[in-house]
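>>> here is my input; please provide its structure:
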Amino acid sequence: QDIATIENIQQNYVINRNEYQLSELMGIFCGKWWRLAYDITFGLSTLIVLWSYNVLFGVSLARNIGIPFISSACNMEEDGDSSECRGLYSFWVLIFWLWTLTITLTSFDHQ
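Have a look, this model is predicted:
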């Protein structure tokens with residue numbers, strides 16, 4: 001009799017879930033130190049990517065959309081020394097940060 005049939009497995013074992021995060025798989029197959037290394041590397045790369053998006057978002061919107069009480073649209077490469085342009089850039093960076101924080105803390109089904 002073949003022990004590894006689907007019927008025998010279903011009768012003897014209960015599999016509660018069949019999906020695992022990559023960090024869990026790293027812990028299962030490589031050990032806890034590799035999982036820790038993966039988690040640290042993933043966290044750092046996520047922060048770097050979010051910072052890059054943040055800079056791109058801030059520079060692009062500061063160049064194209066001015067806020068009347070802060071500054072008109074300005075180019076950070078040419079006008080980056082002015083406090084008005086820096087304030088506009090910082091405003092857009094803050095908006096991106098708040099949006100990212102809200103999206104991160106909200107539980108979406110397909111995030």
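
>>> for stretch 19-32, the distance to its chain's centre please.
20 Å (Cα atoms, centre = their mean, to the nearest Å).

>>> what are the buried residues along that stretch?
Neighbour-count burial for stretch 19-32, counted by 16 or more other Cβ atoms under 10 Å, picks out 26-27. Bear in mind the C-beta positions are built from the backbone N, C-alpha and C, glycine included.

>>> same check on stretch 95-103?
Phe96.

>>> only C-alpha atoms, please: export that stretch in CSV.
Written as CSV, here are the backbone C-alpha positions of stretch 95-103 (Å, rounded to 0.1, in the frame of the first residue of the first chain):
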residue,chain,number,x,y,z
ILE,A,95,2.3,65.0,2.2
PHE,A,96,3.9,61.8,0.8
TRP,A,97,5.0,60.7,4.2
LEU,A,98,1.5,61.1,5.6
TRP,A,99,0.0,59.3,2.7
THR,A,100,2.6,56.4,3.0
LEU,A,101,2.0,56.1,6.7
THR,A,102,-1.8,56.0,6.2
ILE,A,103,-1.5,53.3,3.5
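
>>> need the mean per-residue confidence for that stretch.
Here stretch 95-103 scores 85 as its mean pLDDT.

>>> now swap in stretch 25-43 and tell me
The predicted model assigns stretch 25-43 a mean pLDDT of 88.

>>> list the contacts of that stretch.
With Cβ atoms under 8 Å, 6 or more residues apart in numbering as the test, stretch 25-43 has contacts from 20, 22-24.

>>> CSV please, covering those residues and showing distance to Asp81.
As requested, the contacts of stretch 25-43 are exported to CSV (distance: Cβ to Cβ, whole Å):
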residue, distance to Asp81
Tyr20, 51
Leu22, 44
Ser23, 43
Glu24, 49
